[in-house]
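>>> Generate coordinates for the sequence data below:
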Amino acid sequence: MIAEESEGPGTPLPFFVYGTLRPGEVNHDLFLRGRTAAEEPARLPGAALYDGPGYPYAVERPGGGIRGELVTARPESYAELLAALDRLEEYTPGDPRSLYERVARHVVRTADGARVRAWVYLAAPRVAAALRATGTRIEDGDWLFRR
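Numbers count the residues shown, from 1 in each chain. The predicted model follows:
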């Protein structure tokens, strides 16, 4: 993935979800029910998906792609949802122990091909390095069809 300009950590963007937050998965209703204005199929280009201990990791990878959903929070729920997802993903800005990093990337909406800027939780650098070396890649980039 090409480095992209940074948004501030609280910039209200939609979220691209690719694992346990997708519809039908364990965390969807726990975290997203009643907090979203829209959920649309989308694709994250320039990334690969790796299997984790009950949840996946996205890792930057040129030529790759991950399928997921573009989730737009209700404005009144945005701050609460952002904080909840950061906790779920064990992301603390600047903390080297974080499992993920929340970064802004362009995702492609499936319905119309539009590029949309969204928050994505990517594997933190130390986690990504280990996954690239010894991880199990989900070849088709779709967590829902990993089995």
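
>>> shaky segments in the chain?
When residues are selected by pLDDT under 70, those of the chain lie in 1-11, 147.

>>> top strand in it by residue count?
When the chain is parsed with DSSP state E, its longest strand is strand 56-73.

>>> now the strands: where do they sit in the chain?
So, for the chain - with DSSP E - the strands run 15-17, 36-51, 56-73, 100-109, 115-123, 137-138.

>>> could these go into TSV alongside mean neighbour count and distance to residue 92?
No exception for glycine: its C-beta is placed from N, CA and C like everyone else's. Shown next, in TSV, are these (neighbours: other C-beta atoms under 10 Å; distance: least, C-beta to C-beta, whole Å):
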stretch	mean neighbour count	distance to residue 92
strand 15-17	26	17
strand 36-51	19	22
strand 56-73	20	17
strand 100-109	19	10
strand 115-123	20	12
strand 137-138	18	26
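
>>> can you redo these as a markdown table with distance to residue 79?
Listed next are the strands of the chain as a markdown table, based on distance: least, C-beta to C-beta, whole Å:
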| stretch | distance to residue 79 |
| --- | --- |
| strand 15-17 | 13 |
| strand 36-51 | 14 |
| strand 56-73 | 9 |
| strand 100-109 | 14 |
| strand 115-123 | 13 |
| strand 137-138 | 32 |
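
>>> Please identify which of those is closest to residue 27.
strand 15-17 (8.8 Å; C-beta to C-beta).

>>> What strands flank that closest one, and is each parallel or antiparallel?
strand 56-73 (antiparallel), strand 115-123 (parallel) (DSSP bridges).

>>> Need those in JSON lines (columns: distance to residue 19).
Formatted as JSON lines, these follow (distance: least, C-beta to C-beta, whole Å):
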{"stretch": "strand 56-73", "distance to residue 19": "4"}
{"stretch": "strand 115-123", "distance to residue 19": "9"}
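
>>> Which one of those strands lies nearest to residue 90?
Evaluated with C-beta to C-beta, these place strand 115-123 nearest to residue 90, the distance being 9.4 Å.

>>> any idea of the angle that closest one forms with strand 36-51?
Strand 115-123 runs at 50 degrees relative to strand 36-51, counting by axes from the mean of the first three to the mean of the last three C-alpha atoms, to 10 degrees.

>>> could you check the angle strand 100-109 makes with strand 115-123?
Using the same axes, to 10 degrees: strand 115-123 against strand 100-109 is 150 degrees.

>>> I appreciate the help and will end here.
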